[in-house]
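Student: I need the structure of the sequence given here:
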Amino acid sequence: MKRVIIFFLSLFFLASYQLSAQNIQNNPEANHANKFEQLGTILPTPNEYRTASGSPGPKYWQQKADYNIKCSLDEKKQHLTGTETITYFNQSPDPLYYLWMQLDENQHSNTKNSGYEYESTLPRSMDDGDLKRIEANKKDNGFGFNITRLVDASGKPMKYTVNKTMMRIDLDKPLQPGQKITYTLDWNYNLVNRKEQGGRGGYEYFPEDGNYLFTVTQWYPRMCVYSDFQGWQNHQFSGRAEFALTFGDFHVEMTVPADHVVCATGECQNYKSVLTPAQFKRWEQAQSSTEPMEIVTLDEAKAAEKKKSNTTKTYIFEAKNVRDFAWGSSRKFVWDAMPVDIEGRKVMAMSFYGKEAYGLYRPFSTKVVAHTIRTYSHFTIPYPYPVAQSVEASNGMEYPMICFNYGRTESDGSYSENIKNGMIGVIIHEVGHNFFPMIINSDERQWTWMDEGLNTFVQYLTEALWDNNFPSKRGPASTIVSYMKLPKDELEPIMTNSDNINAFGPNAYAKPATGLNILRETIMGRETFDYAFRSYCRKWAFKHPTPADFFRSMEDASGEDLDWFWRGWFYGTDPCDISIDTVRFAIADLNSEVDKPKVRRQQLPEPSLNDFIDISQIRNREDKNIEFETDRDTTLRDFYWHYDKNPSMRDTSHFEVVIPARYEQLTKELKKEFSSKYAYELTLSNKGGLVMPVIIEWTYKDGSKEVDRIPAQIWRKNEKTITKAFIKDKEVASIQLDPFKETADIDESNNGWHTIPQPSKFKTFKQKLKMEKGKGLDINPMNYKGRS
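Tutor: Residues are numbered from 1 along each chain as shown. Just a heads-up that it's a prediction; the model follows:
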């Protein structure tokens, strides 16, 4: 009895200790011991499948699914018919009693879809017209999969159940570990008009020439992922959160109109029989071309548009070790290609586009593809596939070895700078998805940021190496400030399930990308970060990583404890707002007195390039080992490159400056300790709540500058207020926090002492317009003849 009492008392004290430890770690009233606590049980416990180092464990496993698909495209009816044979390998330690498949095309059906989006978009008040539309919507709109046959390898029908966008196949007997099963299903469905119904795949119709451009994506029943960390990933497809998919090998035969050109995941096995002799000869020549070479020319595409074939032909493609397969088909396609060397391997970079995009895609697209896979290969792993393709389809979506993008010119062939840069950015982004999540295969249905955020980060690095002045919209810390300024109830942690995110772009793309850039430039340093990031990519290539694997791997390979950063930036919503509260100082002259606060007028200095670019651009410019793509290949310099190179936009008018009385003079006794030195004591407060490194720029009275960088751990003992002393050899004229806008500080008005306020964005914009008008520049790109 005594032992029993002692046992229960031990449990009581253990529980009390754990509860009190939890309270200490999460005590909002404390000024320390919160933000720097380890994530601990927030992360899943390491095991033999996933280790504490963020690596696949000794017993890591994943499933495999091979596909043999034959399909036929009926252009006139916009209808697709297919039959597929799947061989599924159970490499898990578990017996499987059923299999789950994804029927994404059901999302277009009003009777088979997940229903989540429809229910959330009912009008708040309904009139007779709304009621009629709702009533009409109850009738089958004709979209979604029609499963006509499902049989096993012997031809025996298999039992299945369709639940919205998911299908469960019930097995007669359990599929044991190490076993495989082969089965065949036939299906068909009507393709949707992407411009009308929306969605990632379907067709676009061109009424001016009566032709179609098909983007066939999420088009076949696909195996769900069965994993060690969640079992079957069979969450319904609502239209937003994307995909979790199993690796495998594909053999796909696509029968299309005979004058169509097909682009697809993998390598074509029968170009010689589907291309004309002239086109096949160009394909062979393109294998060693140094510039993009047209395989199907613009004239050939225009001719095909006018005379539509009534016969068909079959393209055969194969792809090894991919998680998905997508394709495009149209007689409108121009096709160009060139080889790219990736660490001694030849990869064919290719583009497909209609005449509407010729003025942009012909000079840029394939070269952007080549630049992207070279740059991503440097920062992650060498690109392992034989091709990488960009298809202009007036959208943006990614699949293995192929992606669909936008970028059309005006009818006269002209284009705006925004359209050109947007096209370059989206091609980089979608081609970059080959790495995240096509190779480093995270679960998009659960964690959008693991593919979109990581990919947007490397996209930013790639854009910066295309042109150091590329106007990246995501990546630099300053670009996330407007989002971080929002009220707390409008923000959500990055670690939010994909379908629950409100601000999808800022939360899933921009904030994680910015966080990684802050780690690289401000917290860890480029060399340390790059090694750790490559290590993560190498470990998890062709596998299924989770957020914990990423967090642990980055720490294990870098020797940095980053739990405080993951806690604040990924699990929290606090912004960065560090304020200079007081400045106390002593100078060499023991009898000197502090100037009284006064109003003075001062003219801003002449602008420098640092006024307009972020810390990454500054370091890229200073790195002699970096060669930007627009410098390496000057054919990429169009009118806009020459016109808008480094304009001086700083307004040099006079500003009235109030020097705040936020300082005190140190005592003469303290002054004596510093002799001929200058001592400064700064008190800073963390008004935003997010701990960040403190970056201080000192401007001395002789005009020189110095920057001190203090790690975030300075907040460890007091997360709200810190005081730190500095000894300088020269007298300080002004102090500025975060001078290069590295930490996403949401309030710059409290970052300076004796500093001159920055002009507003509106004032800067007016100054730029004034300067441009004064130069008398012709901004019509069609009139550009190569001026320098």
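
Student: The nearest residue to residue 730 once chain neighbours are set aside bridge partners, please.
Tutor: Using CB to CB, 6 or more residues apart in numbering and skipping the chain neighbours, the partner closest in space to residue 730 is residue 700 (4.3 Å). All C-beta atoms are positioned from the backbone trio N, CA, C, and that covers glycine. Residue 700 forms beta bridges with residue 732, as assigned by DSSP bridges.

Student: what's the spacing between residue 741 and residue 518?
Tutor: Distance from residue 741 to residue 518, counting by CB to CB, to the nearest Å: 11 Å.

Student: Low-confidence stretches in the chain?
Tutor: 1-33, 116-138, 587-613, 644-676, 756-788 (pLDDT under 70).

Student: Centre-most residue in it?
Tutor: residue 456 (2.7 Å; CA atoms, centre = their mean).

Student: Tell me who's in contact with that one.
Tutor: The contact partners of residue 456, by CB atoms under 8 Å, 6 or more residues apart in numbering, come to 429, 474, 475, 509, 510, 512, 513.

Student: Does the residue lying closest to residue 708 once chain neighbours are set aside belong to a helix, a strand or coil?
Tutor: Nearest residue to residue 708 in three dimensions, chain neighbours excluded: residue 696, at 4.6 Å (CB to CB, 6+ apart). State at residue 696, reduced to three classes by DSSP: H, G, I helix; E, B strand; the rest coil: strand.

Student: wait, doesn't residue 696 sit right on residue 682?
Tutor: Yes: between residue 696 and residue 682 there is a contact under CB atoms under 8 Å: 7.4 Å.

Student: Count residues in the vicinity of residue 142, would you?
Tutor: 13 (other CB atoms under 10 Å).

Student: how close does it get to residue 78?
Tutor: For residue 142 relative to residue 78 (CB to CB), the value is 11 Å.

Student: any idea what sits nearest residue 688, other than its immediate chain neighbours?
Tutor: Per CB to CB, 6+ apart, closest to residue 688 is residue 577, 3.2 Å.

Student: quick one, what contacts the one you found?
Tutor: Here residue 577 is in contact with 686, 687, 688, 689, 690, 745, 746, 747, 750 (criterion: CB under 8 Å, 6+ apart).

Student: And it, how close does it get to residue 744?
Tutor: Distance from residue 577 to residue 744, by CB to CB: 9 Å.

Student: got the contact list for the residue nearest to residue 730?
Tutor: Contacts of residue 700 by CB under 8 Å, 6+ apart are 706, 728, 730, 731, 732, 733.

Student: Pull the number of nearby residues for the fifth one.
Tutor: Here the count is done by other CB under 10 Å, and residue 732 has 19 residues near it.

Student: now swap in the first one and tell me
Tutor: Counted with other CB under 10 Å, the burial measure for residue 706 works out to 14 neighbours.

Student: I'd like to know the phi and psi angles of residue 543, please.
Tutor: phi -130, psi -180 (degrees, to the nearest 10).

Student: can you pull up the bridge partners for the residue nearest to it when sequence neighbours are not counted?
Tutor: Closest residue to residue 543 apart from its sequence neighbours, by CB to CB, 6+ apart: residue 56 at 5.9 Å. Residue 56 has these beta-bridge partners by DSSP bridges: residue 50.

Student: OK, contacts around residue 56?
Tutor: 49, 50, 539, 540, 543.

Student: Could you check how far it is from residue 195?
Tutor: 43 Å.

Student: What count of nearby residues applies to residue 503?
Tutor: 15.

Student: Which residue comes closest to it once chain neighbours are left out?
Tutor: residue 483 (6.6 Å).

Student: Next: residue 751.
Tutor: That would be residue 737: by CB to CB, 6+ apart, it lies 3.9 Å from residue 751.

Student: With residue 442 instead?
Tutor: residue 450 (3.7 Å).

Student: these two touch, right, the one you found and residue 549?
Tutor: No: with contacts counted by CB under 8 Å, residue 450 stays clear of residue 549, the gap being 9.5 Å.

Student: Can you show me the strands along the stretch 401-550 of the chain?
Tutor: In the stretch 401-550 of the chain, the segments counted as strands under DSSP state E, counting those that start in this stretch are 402-405.

Student: where do the helices sit along it?
Tutor: Ranges of helices within the stretch 401-550 of the chain are 417-432, 454-466, 481-484, 504, 511-518, 526-540, 547-558, based on DSSP state H, counting those that start in this stretch.

Student: Save the ones you listed as TSV, and put in distance to residue 351 too.
Tutor: As requested, those are arranged in TSV below (distance: least, CB to CB, whole Å):
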stretch	distance to residue 351
helix 417-432	9
helix 454-466	16
helix 481-484	33
helix 504	28
helix 511-518	25
helix 526-540	26
helix 547-558	32
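
Student: Residue 440: which of the ones you listed is closest?
Tutor: helix 526-540 (5.1 Å; CB to CB).

Student: between residue 142 and residue 78, what contacts are shared?
Tutor: Both residue 142 and residue 78 are in contact with residue 190, where contact means CB under 8 Å, 6+ apart.

Student: Need the residues touching each of residue 741 and residue 518.
Tutor: The contact lists of residue 741 and residue 518 share residue 477, where a contact means CB under 8 Å, 6+ apart.

Student: And these two? Which one has more around it.
Tutor: residue 518 (24 against 18).

Student: if I pick the residue nearest to that one when sequence neighbours are not counted, what's in contact with it?
Tutor: What sits nearest to residue 518 in space, not counting adjacent residues and going by CB to CB, 6+ apart, is residue 477, at 5.8 Å. Residues near residue 477 by CB under 8 Å, 6+ apart: 514, 517, 518, 614, 741, 742, 743, 744.

Student: For the fourth one, grab the count of nearby residues.
Tutor: Applying other CB under 10 Å, we find 22 other residues in the vicinity of residue 614.

Student: Equivalent analysis for the second one, please.
Tutor: Burial of residue 517 is recorded as 27 neighbouring residues (other CB under 10 Å).

Student: so how far is residue 741 from it?
Tutor: Residue 517 is 11 Å from residue 741, by CB to CB.
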